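Engineer: Just to be clear, the model below is a prediction. Sequence and coordinates:
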Amino acid sequence: MARDAVILLSGGLDSVVLAYDLVRQGRQVRAVHFNIDREAEDYEFNAAKNTALTLDFPFEAVDLCGMKQMMLGFMDVDGWRGEADIVCPDVSAVPSLVAMGMYYAQLAGIGELYLATIREQTAGRPSLPQFFDALSDTSRLFDPKYTEVRICNPYLTKSKAEVIELGQRLGVPFERTWSCHFALAAHCGKCPGCQARTQGFTSARVADPTRYLA
Ligand SMILES: [Zn+2]
C-alpha cells in the first residue's frame, strides 16, 4: 500500500518538483500551503493549487496573514518586498511554518512531512539538518498518543540545477511555477528568487520556459 505523505507546497519550483517526484513514486500526497501575505502570494497560491489539481491530490491553503502584523513592528518593512534577504520572511518564519506543517500531518494522521529544502538554503546554516531532526523528535515528546511526524528533506544535498534536471525528467511544467518575489505580469528577472531560477536553468542546461519582463 502506498505510504501517505504531507508536503509543504509553496508553489515555487522546488516544492512543485517534489510534489511530482512523490506522486511518481506512488505516494499518496496531501499538500498544505501557507499564506503569509507575501507580495506574490496569489501567484504562488495559483501555482500550488494548479499542481494539486493536475496531480489530483488534496490541497489545504491556510491563512496565516496575521504573522505579518505580528512581525511588522520588529522588521524592516522593505523585507516584505523581498529586497533584503536578512529580513525575508521565507527564512525567519521557517521554524514556525514547519511546526504548523507537522500539526497538519498529525491532524491527518500522516507520519511524514516533506519539505523541498535545497542545498543553497543550507549555506550559512550548517546545523539545519540537525534542526529538522530535533524538531521531528519533538512530535513524540508532547503526547505519545499523537502521530509521530518525521520531517523529510530529500533535496537537502541537491542544488537548484539538480532539482531542475530532476523536474525535467518528471515532466514538471516549470512555466506554471512562481519564483519571483513580486506580483508582476511576469517574473521580474532581477530579484533573488528570479536570479536563483535563471542561474539554475543555465547550470542545468535546461531551456528556461519562464516569461520574464523585458
Ligand atoms: Zn523576480
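Structural biologist: Done, it's in.
Engineer: The helix or strand containing residue 34: which residues count as buried?
Structural biologist: Element membership for residue 34 (DSSP states H and E) is strand 28-35. Using 16 or more other CB atoms under 10 Å as the test for burial, strand 28-35 gives 29, 30, 31, 32, 33, 34, 35. C-beta here means a position set from N, CA and C on the backbone, and glycine is covered the same way.
Engineer: Of those, just say which sits nearest to residue 157.
Structural biologist: Of all the buried residues of strand 28-35, residue 157 sits closest to residue 29, with 22.1 Å by CB to CB.
Engineer: Which positions are bridged to that closest one in the beta structure?
Structural biologist: For residue 29, the residues forming beta bridges with it (DSSP bridges) are residue 5.
Engineer: hang on, the earlier thing: which neighbouring elements make contact with the strand holding residue 34?
Structural biologist: Here strand 28-35 touches strand 4-8, helix 13-24, helix 41-55, strand 59-63, helix 94-108, going by 3 or more CB pairs under 8 Å, 6 or more residues apart in numbering; DSSP states H and E.
Engineer: Same list (these) but as TSV, adding mean pLDDT.
Structural biologist: As requested, the helices and strands packed on strand 28-35 are arranged in TSV below (pLDDT from 0 to 100):
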stretch	mean pLDDT
strand 4-8	98
helix 13-24	98
helix 41-55	97
strand 59-63	97
helix 94-108	93
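Engineer: And these: which comes nearest the ion?
Structural biologist: helix 41-55 (10.5 Å; CB to the ion).
Engineer: for that closest one, the distance to its chain's centre please.
Structural biologist: 12 Å (CA atoms, centre = their mean, to the nearest Å).
Engineer: Residue 199 contacts residue 160, correct?
Structural biologist: Yes. Here residue 199 lies in contact with residue 160, judged by CB atoms under 8 Å, at a distance of 7.2 Å.
Engineer: the more surrounded of the two?
Structural biologist: Using other CB atoms under 10 Å as the criterion, residue 199 and residue 160 rank with residue 160 on top: 22 against 14.
Engineer: contacting residues around the more buried one?
Structural biologist: By CB atoms under 8 Å, 6 or more residues apart in numbering, the contact set of residue 160 is 13, 14, 118, 119, 120, 196, 197, 199, 200, 203.
Engineer: show me where pLDDT drops low in this protein?
Structural biologist: Counting by pLDDT under 70, the chain shows low-confidence ranges at 1, 73, 75-91.
Engineer: please redo it, this time with the cut-off set to 80
Structural biologist: 1-2, 68-93, 214 (pLDDT under 80).
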